[in-house]
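Student: Here is my input, please return the structure:
(chains A and B)
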There are 2 protein chains.
Amino acid sequence: MHKQTITTSTNQYDVIVGNGIIDKIDEFLPKEYHNILIITDTIVNDLYSDSVKKNLPSSAHISVSVVPAGEASKSIDQYYRLLTAAIEHQLDRQSLIIALGGGMIGDLAGFVAATYMRGIHFIQIPTTILAHDSSVGGKVAINHPEGKNLIGNFYPPVAVIYDTDTLISLPDKEKRSGYAEVVKHGFISDQDFLHDVLQTDITSQLHAAKLIDHLQKGIAVKANVVEKDEKESNIRKFLNFGHTLGHAIESELGYGKITHGEAVAIGMLFAIQVSEKTYDITLPYHPLKNWLEKNGYPLNIPSLQVERLVERMKKDKKSENATVQMVLLKGIGEPITENITDQALSNLLENFLRELGS
Amino acid sequence: MHKQTITTSTNQYDVIVGNGIIDKIDEFLPKEYHNILIITDTIVNDLYSDSVKKNLPSSAHISVSVVPAGEASKSIDQYYRLLTAAIEHQLDRQSLIIALGGGMIGDLAGFVAATYMRGIHFIQIPTTILAHDSSVGGKVAINHPEGKNLIGNFYPPVAVIYDTDTLISLPDKEKRSGYAEVVKHGFISDQDFLHDVLQTDITSQLHAAKLIDHLQKGIAVKANVVEKDEKESNIRKFLNFGHTLGHAIESELGYGKITHGEAVAIGMLFAIQVSEKTYDITLPYHPLKNWLEKNGYPLNIPSLQVERLVERMKKDKKSENATVQMVLLKGIGEPITENITDQALSNLLENFLRELGS
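Tutor: Residues are numbered from 1 along each chain as shown, chains lettered A, B, ... in the order given. As a prediction, this is how the structure comes out:
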C-alpha cells in the first residue's frame, strides 16, 4: 500500500494505492458519516458496489445511485437526476458521496458533491487506469454538447482510495485509455519514466507491481503540478498535453465512440509533430507511434475533418480570446504553451491527418 | 460613494454603494475584459441594460442574456440555457459575467459564472434592496422543486457595484422583501440599528440617505459574519435567522407567490416567539409585528399546513441528520442555533400560526 498526501488551497487529502484496499475503506474515511450515497455506473455496480457497501460502517445509512456506463452520462440530465436522488435519500451537509468507477463517475459524482447544498464531502474509488489522472487534482465536471467538461468546478475529494485489484482485468480499450495518460505523464516529466512505459506491452495481462509503479509515478507527476497550480493559471495547463486535439476528436466523434485516452494519444502525436516543426527538434514521434500501433490504438479515423476539429478546439475551455492554445514540448519533461493561429493550425492538422492515414 | 472590502478565503472584493455609479462601472472593473456577458431579467433589462452596456469599455464584446423575472428562473433549465449562451457568445476563462438584477439574478448568474469552464469572473450589479444581502457573501445557487438553493456553490464575485438610484422606485413588495433582511441584520447585530429600522416607513418614497445608511450597515453585518465563516461552518448560520420557516413557506406556496423577505418576516416572528418560549425572555415580538402590519407585510396565509411546513424544514439544507436547526435569539445581537425535534416544532408552529391568523 502506498500513500501520497495532496495539499490544495482548501484542503489536504490522501491518495492510497494498493491491492485489495476496498476491503479496508473504513480505515481511510476521514470522519464518521451517517448518510452515504454511492454513485456508480451499471458495469461497476455489478462488480464492486456490494464489496464497498459491506466495508462501510454499519451505522451509516447507505444508498446507491447507478447511471448508464459511458461518457454520455456526464450530462446535465444525469447530473440533475443524481441531485434529486441525493435529496430523496436525505443527504445533508454532513453526508458523504462516494464516486465508485472511472473518470466519468469521478467527474459526475464529484460535480454533484461540489454543488449539492453548495458542497459536501466526496471520496473517489477509481476503478480504471485512466482515473489515476482524473481522480487527483480536484477537477469535476459534466459535458455540454458543444464541448467536454465545460460545466464544472475545482472541488477536491477528501480521499482517493485506489484498489489496483480492480484494474488487472480491464478491457483492452480501457487499458489503452488509461495508459495514454501514463504516457503523457512520462512525456511531460521524465525520460526514464517515459522510456519504461513505452517498453510495456499492455495487450497482455498487466503485471501488478509494474502497474502500481506506473500509477504511483503518474499520480506523483500530476500531484506535483496541481499542488503548484490548482486553478490552472499556468503550469497546470501542461497536463493538457495531447488534450487540445484529443478533446476535439472525442466530441467530434461523439463521446463513447473512442475512449478519452485513445483520443489523447492521437492528440499527443499531433502535439509532438507540431513541437518538432515549431522548435526544429527531434522528439520520439516514431517510438510513440510504434508503441500505439503495437498496442492497438486506433490512429486512422477517416471521418475527421480539419475545419470542424479546428472549430472544436477554438471552443475548448483552454482557449483564450478564441485563439487555440496548445501544449508543446521543447524536450521530454519540458512542456510549454503556445498560441496558434487558426490558419497555422489548419495546415498543421491537415498534414498530420494525411500522414497518419497513409 | 461608500466602499467596503470583503476578504474571503480565495479572494478580496469591493462592495461599492452610491448614487449614479452605474455611470462609472468602468472604474470599478478589476481588470480588462474582452468578452462580457450581462445576465439580467425581463424587467431589469428594459430599465438598465442599455446604461450598463454604454458604460462598459467599448473595446469589449458585450452580449446580453435575459431570463423571465421571478424566482422561477432559478431553475436547472434557465441555468443550462445560460451556459449554452455563454458558449455561443464564445466566453473563455478570461471573460466576465455581469449579474444585473436582484437576488434571483445574482444567484443564477453567479452559479453560471462559478461553473462555466470551472469558474470565470463575475460582478454583481444589484437592483433591489434585498440584494444588499444576497450580493455579499459569495453564495450562488439555483432551486430544486424540493427546496430553495439546494444546488450551488460558494463563489464570490470580483466586485459588487450597488447603485442606489435603482432602488428608490422599487415596487412596494420589493421594498418589503428587502427591508425584511435589513431588519434581520438589525436583530442579529445591534439594538440601535434595529430600533432605527423599525422607525422607518417604507410605504412612502424611501429617503436616499437613510436607505444608503441602512444598506451600508446591513452589508457591514453580513460582511463581518462571512469573513469569519465563509463556508457556513458555524456563525454564518446566524444569517439564517427567520429563514428556516421562511424558506419552507416560500417553497410551499411556490416561488413567486410571496417574496423572499415577506416569507422571512413571518419566519422571524416565529423564531422570536420560539426564542421567547425557549429561553423565557421577552423580545420585541409585538414591535416587529406592528411594523410588519403597518408596512403591508402579508402575515396571515390560511393555506399553510403545519405538517407540510415541518417536512419542508427537514429538507432544508441547513438541517443536519434530518433534525431541524433554527436560529434563535437570546437577546438582540445574540443569535444562537438550536436543534428542535419534529414534535416540538409542530406544536410551536401550530400555536404560532393560530395566533397569527387571529
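
Student: where does the stretch 251-358 of chain A have low pLDDT?
Tutor: Scanning the stretch 251-358 of chain A with the threshold set as pLDDT under 70 gives A:255, A:317-322, A:358.

Student: can you pull out the helices in it?
Tutor: Under the criterion DSSP state H, counting those that start in this stretch, the stretch 251-358 of chain A contains helices at A:260-279, A:285-294, A:306-315, A:342-357.

Student: Next, work out how far apart residue A:305 and residue A:245 are.
Tutor: As defined by C-beta to C-beta, to the nearest Å, residue A:305 lies at a distance of 13 Å from residue A:245. The way it works is simple: take the backbone N, C-alpha and C, and place the C-beta from them, glycine included.

Student: Please disregard the earlier target; I meant residue A:57.
Tutor: For residue A:57, the distance to residue A:245 - C-beta to C-beta - is 45 Å.

Student: ok, those two, which is more surrounded?
Tutor: Shown here are residue A:57 and residue A:245; by other C-beta atoms under 10 Å in any protein chain shown, residue A:245 has more neighbours (31 against 13).

Student: While we're on that one, how confident is the model there?
Tutor: At residue A:245, the predicted lDDT confidence score is 96.

Student: Around the residue in the stretch 101-250 of chain A that chain B sits nearest to, count how many other residues there are.
Tutor: At 3.9 Å from chain B, residue A:117 is the closest residue in the stretch 101-250 of chain A, using C-beta to the nearest C-beta. Residue A:117: 25 surrounding residues under other C-beta under 10 Å.

Student: what do you get for the one 3 residues further on?
Tutor: By other C-beta under 10 Å, the residues close to residue A:120 number 23.

Student: residues in contact with it?
Tutor: Residues near residue A:120 by C-beta atoms under 8 Å, 6 or more residues apart in numbering or on different chains: A:91, A:92, A:93, A:94, A:95, A:96, A:97, A:113.

Student: Is it possible to get TSV of the residues you listed that adds secondary structure, neighbour count and pLDDT?
Tutor: Shown next, in TSV, are the contacts of residue A:120 (DSSP: H, G, I helix; E, B strand; the rest coil; neighbours: other C-beta atoms under 10 Å in any protein chain shown; pLDDT from 0 to 100):
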residue	secondary structure	neighbour count	pLDDT
A:91	coil	27	96
A:92	coil	22	93
A:93	coil	18	93
A:94	coil	15	94
A:95	coil	24	97
A:96	strand	25	98
A:97	strand	27	98
A:113	helix	29	98
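
Student: for residue A:66, which residues make a bridge with it?
Tutor: Beta-bridge partners of residue A:66, counted by DSSP bridges, are residue A:40.

Student: Buried deepest among the helices of the stretch 251-358 of chain A, which one?
Tutor: helix A:260-279 (a mean of 24; mean count of other C-beta atoms under 10 Å in any protein chain shown).

Student: Packing partners of that helix?
Tutor: Applying 3 or more C-beta pairs under 8 Å, 6 or more residues apart in numbering or on different chains; DSSP states H and E, one finds that helix A:260-279 contacts helix A:172-187, helix A:243-253, helix A:285-294, strand A:324-329, helix A:342-357.

Student: List the backbone torsions phi and psi for the residue nearest in space to the middle of chain A.
Tutor: Central residue of chain A (C-alpha atoms, centre = their mean): residue A:134, 3.4 Å from the mean position. For residue A:134, the backbone dihedrals (degrees, to the nearest 10) come out as phi -70, psi -30.

Student: For it, which non-adjacent residue is closest in space?
Tutor: In space, residue A:134 comes closest to residue A:103 once its chain neighbours are excluded; the distance is 3.7 Å by C-beta to C-beta, 6 or more residues apart in numbering or on different chains.

Student: for residue A:18, same thing?
Tutor: Nearest non-adjacent residue to residue A:18, counting by C-beta to C-beta, 6+ apart: residue A:1, 3.4 Å away.

Student: list the contacts for the one you found?
Tutor: A:16, A:17, A:18, A:19, A:21.

Student: Pull the contacting residues for the third one.
Tutor: In other words, residue A:18. Going by C-beta under 8 Å, 6+ apart, residue A:18 touches A:1, A:2, A:162, A:163, A:164, A:212.

Student: So for stretch A:40-52, what gets flagged as buried?
Tutor: Neighbour-count burial for stretch A:40-52, with 16 or more other C-beta atoms under 10 Å in any protein chain shown as criterion, is recorded at A:40, A:41, A:43, A:44, A:45, A:48, A:49, A:51, A:52.

Student: Out of these, name the ones that lie in strands.
Tutor: Of the buried residues of stretch A:40-52, the ones assigned to strands by DSSP state E are A:40, A:41.

Student: just the buried residues of stretch A:40-52 now: which is nearest residue A:107?
Tutor: Proximity of these to residue A:107 (C-beta to C-beta) peaks at residue A:41, which lies at 11.9 Å.

Student: Return the residues in contact with that closest one.
Tutor: By C-beta under 8 Å, 6+ apart, the residues touching residue A:41 are A:66, A:67, A:68, A:69, A:70, A:73, A:101, A:102, A:104, A:105.

Student: switch the cut-off to 10 Å
Tutor: A:66-70, A:73, A:100-102, A:104-105, A:108-109, A:127 (C-beta atoms under 10 Å, 6 or more residues apart in numbering or on different chains).

Student: Check residue A:180 too.
Tutor: Neighbour list for residue A:180: A:129-130, A:133, A:242, A:246, A:259-268, A:292, A:295, A:297 [criterion: C-beta under 10 Å, 6+ apart].

Student: Please list the residues of the stretch 101-250 of chain A that sit near chain B.
Tutor: Residues of the stretch 101-250 of chain A found near chain B (C-beta under 10 Å from any C-beta of the partner chain) are A:111-112, A:114-120, A:138-142, A:144-147, A:149-155, A:231-233.

Student: give me that answer again for 8 Å
Tutor: Proximity of the stretch 101-250 of chain A to chain B, by C-beta under 8 Å from any C-beta of the partner chain, involves residues A:114-119, A:139, A:141, A:144, A:146-147, A:149-154, A:231-232.

Student: So which of those are in strands?
Tutor: Among these, the members found in strands (DSSP E) are A:139, A:141, A:144, A:147, A:149, A:150, A:151, A:152, A:153, A:154.

Student: Please name the nearest non-neighbouring residue to the third one.
Tutor: Leaving aside its sequence neighbours, residue A:144 sits nearest to residue A:150 (C-beta to C-beta, 6+ apart; 4.2 Å).

Student: So what does the residue of the stretch 101-250 of chain A closest to chain B look like in phi/psi?
Tutor: Per-residue torsions, residue A:117: phi 50, psi 40 (degrees, to the nearest 10).

Student: how close does it get to residue B:151?
Tutor: Distance, residue A:117 to residue B:151, using C-beta to C-beta: 8 Å.
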